[in-house]
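>>> Let's see this in three dimensions:
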Amino acid sequence: MLNIVIFGAPGSGKGTQSEKLIEKYGLKHVSTGDLLRAEINGNTELGKMADSYISKGQLVPDEVVIGMLEELVKKNHHLKGFIFDGFPRTLMQGEALDKMLERHGKKVSVVLSLEVEDKELIDRLLKRGEMSGRSDDNRETIESRLQVYYEQTAPLKDFYKEQGKLVKIPGQGSIDEIFTSMETIVDRIIV
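Here you go, the predicted structure:
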């Protein structure tokens, strides 16, 4: 089973590259936001628990999110693999994901880290905000999101580097050039 974590700061192109990886390798896209909404809409026990936090404006605890991921892995054990997009976001989540996958005889195969300079990230997100009208794509919010990324998510790089799973991918250039770099890495893993 091929399990990819795609990693990068806001605006690095994770969503775009995830779609291309899913299409080429037949993976299931795992977005924790989508997962939370599905569980809440399905009125599952985990969904009710998540909703009790969200309705109070609180973050859903890691153990609830991991529980949802575990249910997803159990239900989809027959698939070729998963691409985790936007999760894990913290070291604690990375450790919990590893333990959960291990319980099912699986592991993270590779972590693809899209590396893009801050100036480029800010320019991309400002441009996206102009085109889409997204209110959270303004300079102040972007800089705040980047700060949170560097404080909370970037430490995961060392965690995965120590496991020999982290591969840094230059995230600047054409979408196809970036994808070719990712494809080369993934093809080496599945051979």
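>>> Check which helices and strands whichever helix or strand residue 144 is part of sits against.
In this assignment (DSSP states H and E), residue 144 forms part of helix 139-148. Here helix 139-148 touches helix 118-132, going by 3 or more CB pairs under 8 Å, 6 or more residues apart in numbering; DSSP states H and E. All C-beta spots, glycine's among them, are computed from the backbone N, C-alpha and C.
>>> just checking, what packs against the helix it packs on?
Judged by 3+ CB pairs under 8 Å, 6+ apart, the packing partners of helix 118-132 are helix 139-148.
>>> From the chain's centroid, how far away is the helix it packs on?
Remark: helix 139-148 is offset 18 Å from the chain centroid, using CA atoms, centre = their mean, to the nearest Å.
>>> Could you list the buried residues of the following helix or strand past it?
Next helix or strand after helix 139-148 toward the C-terminus (DSSP H and E): helix 155-162. For helix 155-162, a neighbour-count test (16 or more other CB atoms under 10 Å) marks 156, 159-160 as buried.
>>> need the contact list for residue 156.
Applying CB atoms under 8 Å, 6 or more residues apart in numbering to residue 156 gives the contacts 7, 88-91, 94, 111.
>>> do the same with residue 112
Neighbour list for residue 112: 4-7, 17, 167, 169, 182, 185-186 [criterion: CB under 8 Å, 6+ apart].
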